[in-house]
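how would this look folded up:
(one chain, ligands or ions: 3)
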Amino acid sequence: MSATVIVGGFWGDEGKGKIVAHVANSDKPSIIARGGVGPNAGHTVEINGQKFGVRMIPSGFVYKSAKLLIGAGVLVNPEVFLKEVEMLNVAERARVDYRCAIIEPIHCEIDKTQEHLKKIGTTGTGCGPANVDRVRRVAKQAKDVPELKDFLTDVPLEINEALDRNEFVLIEGSQGFALSLYYGTYPYVTSKDTTASAIASDVGVGPTRIEDVIVVFKCFPTRVGSGPFPTEMPVEEAERLGIVEYGTVTGRRRRVGYWDGKLARYSAMVNGATQVAITGIDKLDKECYGVTEWEKLTQKAKKFIEQVEAEVKVPVTLISTGPETKQIIDLRREKL
Ligand code: GTP
Ligand code: IMP
Ligand code: MG
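Numbering: from 1, shown residues only. Ligands and ions are numbered 1, 2, ... in the order given. Take a look at the predicted model:
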């Protein structure tokens, strides 16, 4: 057994939370580890009619036998972390790497008030300013925060030892390819690289131990905040199609666009994708809502998936047909 990384292929909010929850339930990892920037992310998981929005705890929490680890690369806001631990009742199995840098109230204040950051349209969650302090080597670490003392661990050690025991480890990213500090639409990006290699590094796993990289794309890409969006559609068109979305963390309306095959291919290349997951196929064709078998998809949906495979040149193995964890077509057995 080895590790699988799941990352976003566009501007975040592709539905990674939902895909991670499905893979966790079906592949039963012993550890689910979270990389990425920090609590600027909002992953949504819907299971049995209940909806959860998580910003710090890995979205795979729905699979109850897995340890839930936050890698050293991730910024931790202790208040957000502790609130989620309580809400999800995961104190026994949620841990943070002792080296995680800490977001303090001053970081949130700067993030919300600095003109340049307002222009970029940051989430205001303090991530950028906290990463600045981390680079200046003045940020606090998790080991310096008494409220976190019962939750500290060495994440790379836990993961690599689990891999040595032949266990399956799931590593989840946050944000998306086009928000990467290196490869995204700079300066309208987040404060770190967000590609699969960075996510693996965030949790302390070397590239040789990663077997699969699943890149998640949504049928209609979205973007929150400012910056270029080549395939953006007019607001009225998104309303007409009934595909308007609002942010999990900030409640901001998400800009919506048409499928961008060129960006998808480039993103799959830099991420080293071995599989692609497509979410929101029910937004392309309402008749696909809740479908769980390939044969039951409409011609329009099948054609779209075939087009994606031709453009991206990576097999589409997971097709999400609605927000619920069970609303998915899983083709991994047939295609791999
Ligand atoms: P970040 O880490 O913030 O980038 O988020 P994310 O990739 O986990 O996505 P997020 O949960 O923020 O947004 C995705 C939205 O789409 C959520 O509201 C999901 O419930 C919803 N969703 C996921 N898959 C599907 C799908 O197949 N169909 C529909 N209609 N909604 C979906
Ligand atoms: P920051 O990460 O809060 O500094 O925000 C920088 C940019 O990334 C802004 O455009 C945000 O809207 C965007 N962003 C950050 N995290 C997410 C996310 O999880 N989903 C979608 N957009 C995000
Ligand atoms: Mg989100």
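
ok, the closest residue to Gly73 other than its chain neighbours - contacts?
For Gly73, ignoring the flanking residues on the chain, the nearest one in space by C-beta to C-beta, 6 or more residues apart in numbering is Asp202 at 2.9 Å. (Glycine included, C-beta is placed from N, CA and C.) Residues near Asp202 by C-beta atoms under 8 Å, 6 or more residues apart in numbering: Gly35, Gly36, Gly71, Ala72, Gly73, Val74.

quick one: furthest residue from the center of this protein?
When distances are taken from the C-alpha mean of the chain, Gln299 lies farthest, 29.4 Å away, according to C-alpha atoms, centre = their mean.

Leaving out the residues flanking it, which one is nearest to Ile329?
Ile329 sits nearest to Ile319 (C-beta to C-beta, 6+ apart), 4.2 Å away.

can you pull the pLDDT of the residue farthest from the centre of the chain?
Per-residue confidence at Gln299 stands at 98 (pLDDT).

In contact with it, which residues?
Contacts of Gln299 (C-beta under 8 Å, 6+ apart): none.

rerun at 10 Å
Asp285 (C-beta atoms under 10 Å, 6 or more residues apart in numbering).

What's the separation between it and Cys288?
11 Å (C-beta to C-beta, to the nearest Å).

quick one: Asp97 from Glu324, how far?
32 Å.

So those two - more neighbours on which side?
Asp97 (27 against 19; other C-beta atoms under 10 Å).

what about Val23, which helix or strand?
helix 16-27 (DSSP states H and E).

ok, is that helix in contact with ligand 1 or not?
Yes. Helix 16-27 lies within reach of ligand 1 by C-beta under 6 Å from any ligand atom, at Lys16, Gly17, Lys18.

How about stretch 252-265?
No. Applying C-beta under 6 Å from any ligand atom, one finds stretch 252-265 separated from ligand 1 by no less than 8.3 Å.

What's the mean pLDDT across stretch 267-283?
98.

which bits of the stretch 201-336 of the chain sit near ligand 2?
So far as C-beta under 6 Å from any ligand atom goes, the stretch 201-336 of the chain lies against ligand 2 at Val224, Gly225.

show me what contacts the residue of the stretch 101-250 of the chain found nearest ligand 3?
With C-beta to the ion, the shortest gap between the stretch 101-250 of the chain and ligand 3 falls at Thr248, namely 4.7 Å. Thr248 sits next to 12-13, 17, 41-44, 51-55, 224, 254 when contact means C-beta under 10 Å, 6+ apart.
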